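[1] 3D model of this:
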Amino acid sequence: MQRLGVVVVLIAIFLPFTPGHDSNQAVCDVLVVGATPAGIAASITASKQGKNVILVEPSSNIGGMMTGGIGWDDVDLSQDFRTGPAATGAVPPAVYGEGQYTTYANRVYQYYSAISPMAAELSVNGTRHEPHIAPKILSEMLMENHVTVMTNLSLSDVMLSGETIKSTKFVNLQTKATFEVTSKVTVDATYEGDVIAASNVSYSIGREARKDYGEINAGVVFQDFTMHNFLRGSTGSSDPHIPAMTYRLCFENASRHETPLPQPDNYNRSVYLGYIEDVAQGRMNSSWHAWSTPRPLPPNGQKFDINCNPRPLGFIWLGPEKENYVSADIGAREIIRASLRDLTLGLLYFLQNDEAVPLEERIKNREFGLCQDEWNVTTYPHFPAQLYIREARRLSGLTILTEHDMIPVDPSGRPPLSPYSTCVGSYAIDSFPCTPQKPSNVQQSCNTALEGYVGMESNMNAPFTMPAQIMIPKKCYGIERTQIERACTRNVTNLVVAAAVSATHVAFSAVRLEPTWILLGTAAGLVASLSLEFNQVDASKVNITYLQKKIVEEAKMPLVFCTDLLPTHENYSALQRMLPWTAATDTFACLPENHITLETAGYMLFQALHSKNIETMDMDKSTHMERVRQAIQQHPKPHRWRDFGPGDAHFLECAALRSLDIIPLLDDRGLFRPTSLIPMVTFVNWISRSVKSGKLKPLYAEFVTRAHASALLTSYILDSSL
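    The predicted model follows:
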């Protein structure tokens, strides 16, 4: 087999791939486009499943924003058993399980531990790093898992045959030659959703109206970000603009650099004077607050992760170039990136040199500068090549993730659970400004930002489930759901989307997190791989039960966030696989050792049977309940109980099982006793009747706990023919 040397950032990776008829072609099982965290995770996962994988990246760098400026992963290690995000929006580490993000973070921690105790401490268990460390570790992970990585290849066309992608064409940015990859399934892991657009499936750009999905944060909004309420002028109407595209920088102390920043190309001081007005009006304490608070990085705290502050009314990254960037070709994108780079460098130059900034502040602002040992091979030395694309195209999938999927049903509980869950998200709803419109003069205060800013709604949402359907294009019927949706022209069945997933603007603001994209990428890699196991070309036909088993047992990721369930529990896998279908929403506790009642046992049994017999990912809950009602109506078995009726929570499921003679008549007096604990022998009898087997043995317990029920249901029903 031919070997191709591919230079990836700092090291050379020599990995196998299957050549085509000439050196400008390749053949693989799974093609992943975009070496973002989602793309890297999808590639590694598919390779672990025994698939031949090619990962293609248009730039010369891998890792997206993990290597392009984000040095503080938004992970709060103090939150392992809290129910929601921290005030910073950081997510509890339990949502990552023992998957690829945890593997990556452990290696970061090991690297800094070898340097010094201080470096290890500053890495905060590997969740904080210098930009040049991430590509080193990610490259090692790709090489260990035999992924072919090809850089400097820009997507030019997608070739379709019927409803499948047959090959994808790229242009080599160095030689200008065409390179074509023939694959069985393609994963779009680009931030921009480029394969989505090239495949002509439906997608959205912009912000849905509040009326489209009933999302309170949707559409055109002006927010008081301290009180978290909306101001006059918030129409909630649909809008084509997307959040600001910026750069995430790495600064160092002045003691580490001596060369002052030169005036950048196309510098225009008037662009930055809005920040001076912010200081004058008391909205900022100093001009330096145009940036976020410097966040110290290992090994010694002399480097800092720097973000731009989205709250000043002088915020500068809201020109039309961000919308233009999404649909631009590779050449036009480079021009836009250079323009935004000069704009960013211009701000730093302005703060350090312009006379509009008080001399004392200018001197203080010169304490920081670009790191001299980061990004030494980029177009502009020491400046990141990766543009921070918070949102671009978003797939129109089999389902749309909305704000309602993230907000607890009960104030003290969790959001609604998706039975098709593949991983857990937990970041706060949080959008950068989308347009340069200011609140009216009478409403401007220290707590108001530009239009579109929705700031860290940490008290609003909590850990939520992300279903497989958000990665799969919806069927093409030529009907748009909203004003901002682009119509599809054809069905595409072998495309899986790992980054630009199907979500509203509001929901996507809580998804757009690099560690979360690793979770989604892992799930996407499994969906892509499993779609090939039976020579299928339709990713929506993947068996959900089998997919979830792989996610929990092989990818080591939870499907549901629980405050009282650790991976060391003997029935962890069984519990995780049943929880998306059966967990209560009034608490984040999963109560594995609690005894269950007859009605809960009937509900869990019904859901296990239903999940085992799912037809496609396209079956929603309303369809499911309608089929339950039909089953009750069509079967002659009596199912009426004197103490259990249609007003009770799990009546429909238990009545359906009674209609099918799975639940026998329990009481001659017509009583079901739904709140009584279910004996082990009774539950095993129900399972035996459902699988038509008399050989099942009860566990050694008088009554059934949730852990017992999950173990029995996964063993005898979910895994019976896998």
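
[2] where in the stretch 251-400 of the chain is pLDDT low?
    255-259, 378 (pLDDT under 70).

[3] which residue ranges form the helices in it?
    In the stretch 251-400 of the chain, the segments counted as helices under DSSP state H, counting those that start in this stretch are 273-280, 321-327, 330-353, 359-365.

[4] Adding distance to Gly34 and mean neighbour count, write those helices out as a markdown table.
    Where you see a C-beta, it was placed from the backbone N, CA and C, and this is true even at glycine. Converted to a markdown table, the helices of the stretch 251-400 of the chain look like this (distance: least, Cβ to Cβ, whole Å; neighbours: other Cβ atoms under 10 Å):
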| stretch | distance to Gly34 | mean neighbour count |
| --- | --- | --- |
| helix 273-280 | 34 | 18 |
| helix 321-327 | 14 | 18 |
| helix 330-353 | 13 | 18 |
| helix 359-365 | 36 | 14 |
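
[5] I'd like these as a markdown table, with distance to Ser123 appended.
    A markdown table is the format used below for the helices of the stretch 251-400 of the chain (distance: least, Cβ to Cβ, whole Å):
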| stretch | distance to Ser123 |
| --- | --- |
| helix 273-280 | 33 |
| helix 321-327 | 33 |
| helix 330-353 | 26 |
| helix 359-365 | 28 |
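
[6] I'd like to know which of the ones you listed is closest to Met141.
    helix 330-353 (26.9 Å; Cβ to Cβ).

[7] Could you tell me the angle between that closest one and helix 273-280?
    40 degrees (axes from the mean of the first three to the mean of the last three Cα atoms, to 10 degrees).

[8] Just the CA atoms of helix 330-353, as CSV, please.
    This file holds the C-alpha atoms of helix 330-353, laid out as CSV (Å, rounded to 0.1, in the frame of the first residue of the first chain):
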residue,chain,number,x,y,z
ILE,A,330,-11.2,30.1,-0.8
GLY,A,331,-9.5,33.1,-2.3
ALA,A,332,-12.2,35.5,-1.1
ARG,A,333,-12.2,33.9,2.3
GLU,A,334,-8.4,34.6,2.6
ILE,A,335,-9.0,38.3,1.8
ILE,A,336,-11.7,38.5,4.5
ARG,A,337,-9.5,36.8,7.1
ALA,A,338,-6.7,39.2,6.3
SER,A,339,-9.1,42.1,6.6
LEU,A,340,-10.3,40.9,10.0
ARG,A,341,-6.8,40.2,11.1
ASP,A,342,-5.8,43.8,10.3
LEU,A,343,-8.9,45.1,12.1
THR,A,344,-7.9,43.1,15.2
LEU,A,345,-4.2,44.2,15.1
GLY,A,346,-5.4,47.7,14.5
LEU,A,347,-7.3,47.6,17.8
LEU,A,348,-4.2,46.5,19.7
TYR,A,349,-2.1,49.2,18.0
PHE,A,350,-4.8,51.9,18.7
LEU,A,351,-4.9,51.0,22.4
GLN,A,352,-1.1,51.1,22.7
ASN,A,353,-0.4,54.2,20.6
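
[9] In terms of secondary structure, what does that helix contact?
    When contacts are defined as 3 or more Cβ pairs under 8 Å, 6 or more residues apart in numbering; DSSP states H and E, helix 330-353 packs onto helix 321-327, helix 359-365.

[10] what's the spacing between the last one and its chain's center?
    Going back to what we said before, that points to helix 359-365. 40 Å (Cα atoms, centre = their mean, to the nearest Å).

[11] Save the helices and strands packed on helix 330-353 as JSON lines, and put in distance to Tyr109 too.
    Output for the helices and strands packed on helix 330-353, formatted as JSON lines (distance: least, Cβ to Cβ, whole Å):
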{"stretch": "helix 321-327", "distance to Tyr109": "35"}
{"stretch": "helix 359-365", "distance to Tyr109": "33"}
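
[12] quick one, what contacts the nearest residue to Val147 once chain neighbours are set aside?
    Leaving aside its sequence neighbours, Val147 sits nearest to Ser43 (Cβ to Cβ, 6 or more residues apart in numbering; 4.5 Å). Contacts for Ser43 (Cβ atoms under 8 Å, 6 or more residues apart in numbering) come out as 30, 32, 53, 55, 142, 145, 147, 525.

[13] what secondary structure does Ser43 sit in?
    Recorded secondary structure, Ser43: helix (DSSP: H, G, I helix; E, B strand; the rest coil).

[14] quick one, which of the helices of the stretch 251-400 of the chain is nearest to Asn491?
    Among the helices of the stretch 251-400 of the chain, helix 321-327 sits nearest to Asn491 (Cβ to Cβ), with 22.6 Å.

[15] elements contacting that closest one?
    helix 330-353.

[16] returning to that earlier point: okay, the residue nearest to Val147 and Ile518: tell me how far apart.
    When distance is defined by Cβ to Cβ, to the nearest Å, Ser43 is 11 Å away from Ile518.

[17] How about Pro298?
    From Pro298 to Ile518 the distance is 21 Å (Cβ to Cβ).

[18] and those two? which has more neighbours close in?
    Ile518 (30 against 27; other Cβ atoms under 10 Å).

[19] Quick check: Ile205 touching Ala500?
    No. With contact defined as Cβ atoms under 8 Å, Ile205 does not reach Ala500; the gap is 10.2 Å.

[20] Compare the two (neighbour count), which wins?
    Ala500 (31 against 20).

[21] residue contacts, the more buried one?
    Contacts of Ala500 by Cβ under 8 Å, 6+ apart are 188, 190-193, 196, 203, 392-395.

[22] Please apply the same query to Ala392.
    Here Ala392 is in contact with 191-193, 205, 242, 325-326, 500 (Cβ under 8 Å, 6+ apart).

[23] do you know how far Leu142 is from Met150?
    Distance from Leu142 to Met150, by Cβ to Cβ: 11 Å.

[24] How many neighbouring residues does Ala120 have?
    Based on other Cβ under 10 Å, the number of other residues close to Ala120 is 20.

[25] Gln174 too?
    Neighbour number of Gln174 under other Cβ under 10 Å is 10.

[26] Gly455 now?
    Other residues close to Gly455 by other Cβ under 10 Å number 21.

[27] Which of the three states applies to it?
    strand.

[28] And it, how far from Phe508?
    Distance, Gly455 to Phe508, using Cβ to Cβ: 16 Å.

[29] To Phe588, which of the helices and strands packed on helix 330-353 lies closest?
    Here helix 321-327 is closest among these (Cβ to Cβ), at 36.8 Å.

[30] Could you report the distance from Cys476 to Ile484?
    17 Å.

[31] Between the two, which is the more surrounded one?
    The neighbour comparison of Cys476 against Ile484 (other Cβ under 10 Å) goes to Ile484, with 21 against 17.

[32] and the gap between the nearest residue to the more buried one once chain neighbours are set aside and Phe508?
    Leaving out its chain neighbours, the residue that sits closest to Ile484 by Cβ to Cβ, 6+ apart is Gly206, at 4.0 Å. Taking Cβ to Cβ as the measure, Gly206 falls 11 Å from Phe508.

[33] same deal with Pro260?
    Plainly put, Pro260 is 40 Å away from Phe508 if you go by Cβ to Cβ.
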